[in-house]
Every structure is written in structure tokens, then in C-alpha cells.
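Chemist: can't give you the sequence, but here's the structure:
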């Protein structure tokens, strides 16, 4: 499930902060949704509390006693700049590429390394940037949710409508789409991202034709939600 940006500022755990960043990766809008990640002082990273600021939050800043310019919410709670949100996301992405089944402790180590060294943690298995990350059962390949979508059933009188929608979505001829719609199940998307998933769902929702959807979450602790269901 996509986690929306909070309506009002809140303090988050590290796990909640990572989940919020991942949710914004689903729509590709980390840079638009969040500006900075602020953190509390003391304790280990996993026990700290975090605040995700928006661009608007960064417009009216307060100067704390150490001369640091902070949004009022951060200043009032004694928080400090931790990482820019986009950099925070990049550290998670690199960690995910190297160790797809990273748990919370792994992401904490990757973030801590970046803050201390100003460099990504190298596990000796950095991918070359080709995007060839292994597809693990139940887990998204990248730091964003992925979906499989298929049309499992279609009334005979709706096959033509389904074929036209399929032809448009898959950029194939109507004749080819018609043949596929007559030989169900029809795979409409495999490991597609959230925007593409919505596009496919909306096209078939307009026809009142339900699709089967399988969700692949980016984070292992979310994997319990990886079930196939009607969408």
C-alpha cells in the first residue's frame, strides 16, 4: 500500500522513514515530495526519530542556538539535518541493488556509512547500472513496488472491448489483442511500476473488467502483503 505524505509534520521511526521514502519512489516523486530528512540526537540510528520536510517547510526557517537554519517543527524538537531526502533514497537504492533482501539493520548500516564517509557502502557487489537486479520471489527488484497484472476472465460480449484496450496498452494490433483475449489468462504487465499499474487498472476498470494483481514489495518486512487478488 502506498503511504501518502502526512498532512501535518510527525516524528517517524527509521522503519517508517524508509517506508515513506519507498512509497514516494513508487510514484518517482521523492524529489518533489520531500526536501530533507532531519534526525534526533543521540542513540543509535535505529532508535532515533526522523522528520521528512517538504519544500514548503524549508521556506520559513528558524535559527537554532548553534546557528543551524531549521524548519520550526525540527527546531522545536531539537532535530538536526541528517541527509537530503534524495540522498537518503540513493543510499537505500544502492543498498537494495547490492543486497535485495536487506533488512532494517542493513539499511541503517548503509545510511550510517554514507553520513560518516560521504560515500555509499560498498559490499563488493555494486551493479554496473544495467538494471539487471535479480527477480526474487515475492520481492521487488528495485526500491519501489512492482505488480503483475492479468485478465483471467472476460464475458464473450466484452472480448472486443477488452481487445481494444489491450491493443492500446500493449501497442499491438487489435487482431493480435483479440487472439490473446480469447486465449485467457492474458498477461497485461509483469513487474510493472506503480504508474504503469494504474494505467492498466484504469483502462480495465472503465470496462468493469477486474484484473488479477500480484504485488511485489521492495522491503522484505512488507512481503506478507505479496498476494494475488482481484484489482
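Modeler: Nice, thanks for sending it over. Everything quoted here is computed from the prediction, not taken from an experiment. Numbers count the residues shown, from 1 in each chain.

Chemist: average pLDDT for the helix or strand containing residue 83?
Modeler: Assigned by DSSP states H and E, residue 83 belongs to strand 80-84. Strand 80-84 shows a mean pLDDT of 96.

Chemist: so which elements touch that strand?
Modeler: strand 36-39, helix 104-117 (3 or more Cβ pairs under 8 Å, 6 or more residues apart in numbering; DSSP states H and E). From N, CA and C alone the C-beta is placed, and that goes for glycine too.

Chemist: that one: what's the following helix or strand?
Modeler: helix 85-98.

Chemist: list the contacts of that following helix.
Modeler: In this structure, residues lying in contact with helix 85-98 by Cβ atoms under 8 Å, 6 or more residues apart in numbering are 17-18, 21-22, 24-25, 30-31, 33-37, 52-53, 82-83, 102, 106-107, 110-111, 114, 120-123, 125-127, 133, 142-143, 218.

Chemist: and the angle from that helix to strand 80-84?
Modeler: 60 degrees (axes from the mean of the first three to the mean of the last three Cα atoms, to 10 degrees).

Chemist: for the helices and strands packed on strand 80-84, give me a markdown table that also has mean neighbour count.
Modeler: A markdown table is the format used below for the helices and strands packed on strand 80-84 (neighbours: other Cβ atoms under 10 Å):
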| stretch | mean neighbour count |
| --- | --- |
| strand 36-39 | 24 |
| helix 104-117 | 17 |
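
Chemist: can I get these in CSV including mean pLDDT and distance to residue 223?
Modeler: Shown next, in CSV, are those (pLDDT from 0 to 100; distance: least, Cβ to Cβ, whole Å):
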stretch, mean pLDDT, distance to residue 223
strand 36-39, 97, 25
helix 104-117, 96, 13
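
Chemist: which one of these lies nearest to residue 186?
Modeler: helix 104-117 (37.3 Å; Cβ to Cβ).

Chemist: which neighbouring elements make contact with the following helix or strand past that closest one?
Modeler: Later in the chain than helix 104-117, the nearest helix or strand by DSSP H and E is strand 146-151. Where contact means 3+ Cβ pairs under 8 Å, 6+ apart, strand 146-151 is packed against strand 186-192, helix 194-205, strand 212-216.

Chemist: is it true that residue 109 touches residue 117?
Modeler: No: assessed by Cβ atoms under 8 Å, residue 109 is found out of contact with residue 117, at 11.7 Å.

Chemist: run through the chain and note the low-pLDDT ranges.
Modeler: 1-8, 125-135, 224-231 (pLDDT under 70).

Chemist: out of everything not next to it in sequence, what's closest to residue 178?
Modeler: Distances taken as Cβ to Cβ, 6 or more residues apart in numbering place residue 163 nearest to residue 178, at 4.1 Å, with adjacent residues excluded.
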